[in-house]
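In: Fold the following, please.
(one chain, ligands or ions: 1)
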Amino acid sequence: MSHDLDRLFAQPLPRIQDFVFNEDVVRVFPDMIKRSVPGYPTIVENIGVIAAQFAQPHTHLYDLGCSLGAVTQALRRHVTADNCQVVAVDNSAAMVERCREYLHGQDSMFQELLPVDVIEGDILALQFQPSSLVALNFTLQFIAPEQRPALLSRIRQALVPGGALILSEKLRFEDEDEQQLLTDLHIAFKRANGYSELEIAQKRSAIENVMKPDSLETHRQRLLDAGFSKVVPWFQCLNFASLIALP
Ligand code: GEK
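Out: Residues are numbered from 1 along each chain as shown. This is a model prediction of the structure:
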């Protein structure tokens, strides 16, 4: 399936609108996320590896804010537990449509993959089934901060003993110097991946109202408050990290 290079912010825009996951974004999304999120391919593949350690027979595995289903595909490459059902959810119709096409492609290439239900919907309104693995791969940061605790509590309630939540997020740092250093290094990462100063600046303006990163300390405390017993960071590259939270 073809996807294009991300040139969405390459030309000067008269007015920068808030970022939305529309068809233009879907078309360039694989290129955009790989060139913008340090460590993304490593995180995605290893979510599959980690999930295989937690997945239990007769449970659901959730990919929340699935976009084009990269995590779902990794789950299907690695998890071999019997009778698991993957549920991939996104509230962008354009993402869900293309995600279904990609998964159809995976189905036609490999046999005996876990079944997947791709749902177009709001993860805040989801009725969770008993689950051994929930992935929030760079999705929680797009949920309104006041709605994050309730979502995490509902995920915690759905997790069976021995299951896990994998939470990946862009991080904010409470120490100003640390925040500045990692912001500068992230800009250097984007520059090294071919983004111009204009693209970097316009994308930042578009995303700053819709994506609200938290600090690692905030994540840890909120997960503990939601009833998780342990929070284990397993990956960090610059200001992007992934955590395993155990019920
Ligand atoms: C990946 N996990 O490739 N309900 C459902 N979906 C939502 C909601 C919501 N309330 N809010 C945002 N989304 C993916 C990458 S992208 C991260 C995740 C990024 C969806 C939104 O439509 C988008 O597809 C996704 O969350 C965030 O591993 O673009 O930085």
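In: Mean pLDDT per helix and strand in this structure: which one sits at the bottom?
Out: helix 197-207 (a mean of 86; mean pLDDT, DSSP states H and E).
In: which of the residues in that helix are buried?
Out: By neighbour count on 16 or more other CB atoms under 10 Å, the buried set for helix 197-207 is Glu199, Gln202, Lys203, Arg204, Ala206, Ile207. No exception for glycine: its C-beta is placed from N, CA and C like everyone else's.
In: before we move on, what about stretch 43-50?
Out: Buried, per 16+ other CB under 10 Å, within stretch 43-50: Ile43, Val44, Glu45, Asn46, Ile47, Gly48, Ile50.
In: With stretch 112-125 instead?
Out: By neighbour count on 16+ other CB under 10 Å, the buried set for stretch 112-125 is Leu113, Leu114, Val116, Val118, Ile119, Ile123.
In: how long is it from one end to the other?
Out: 30 Å (CA to CA, to the nearest Å).
In: and it, how far from the chain's centre?
Out: When distances are taken as CA atoms, centre = their mean, to the nearest Å, stretch 112-125 is centred 14 Å away from the chain's centroid.
In: on contacts alone, who are the packing partners of the least confident helix or strand of the chain?
Out: Here helix 197-207 touches helix 176-192, going by 3 or more CB pairs under 8 Å, 6 or more residues apart in numbering; DSSP states H and E.
In: quick one: the helix it packs on near the ligand?
Out: No. Under the criterion of CB under 6 Å from any ligand atom, the ligand is not reached by helix 176-192; the shortest gap measures 12.9 Å.
In: how big is the angle separating that helix from helix 197-207?
Out: Angle, helix 176-192 to helix 197-207, by axes from the mean of the first three to the mean of the last three CA atoms, to 10 degrees: 120 degrees.
In: residues making contact with helix 176-192?
Out: With CB atoms under 8 Å, 6 or more residues apart in numbering as the test, helix 176-192 has contacts from Arg35, Ser36, Pro38, Leu171, Arg172, Phe173, Glu197, Glu199, Ile200, Leu238, Asn239.
In: Give me the distance between the residue in the chain that the ligand sits nearest to and His58.
Out: At 2.8 Å from the ligand, Gly65 is the closest residue in the chain, using CB to the nearest ligand atom. As judged by CB to CB, to the nearest Å, Gly65 and His58 stand 25 Å apart.
In: If the residue nearest the centre of the chain is in a bridge, with which residues?
Out: Nearest to the geometric centre of the chain sits Asn137, at 2.0 Å (CA atoms, centre = their mean). Per DSSP bridges, the residues bridged to Asn137 are Ser168.
In: is it true that Trp247 touches Ser229?
Out: Just so we're on the same page, residue 247 is Pro rather than Trp. Yes. Between Pro247 and Ser229 there is a contact under CB atoms under 8 Å: 6.5 Å.
In: More neighbours: which of the two?
Out: Pro247 (20 against 10; other CB atoms under 10 Å).
In: which parts of the chain sit against the ligand?
Out: Residues of the chain lying near the ligand (CB under 6 Å from any ligand atom): 21, 33, 44, 65-67, 70-71, 89-92, 95, 122-124, 137-139, 142-143.
In: Please flag which of those sit within helices.
Out: Among those, DSSP state H puts Ile33, Val44, Ala70, Val71, Met95 in helices.
In: By neighbours, which of the residues you listed wins?
Out: For those, neighbours tallied by other CB under 10 Å; top is Val71, 30 neighbours.
In: Would you mind putting the buried residues of stretch 112-125 into CSV with distance to Asn193, pLDDT and secondary structure alongside?
Out: Converted to CSV, these look like this (distance: CB to CB, whole Å; pLDDT from 0 to 100; DSSP: H, G, I helix; E, B strand; the rest coil):
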residue, distance to Asn193, pLDDT, secondary structure
Leu113, 31, 94, coil
Leu114, 32, 96, coil
Val116, 30, 97, strand
Val118, 29, 98, strand
Ile119, 32, 98, strand
Ile123, 29, 98, helix
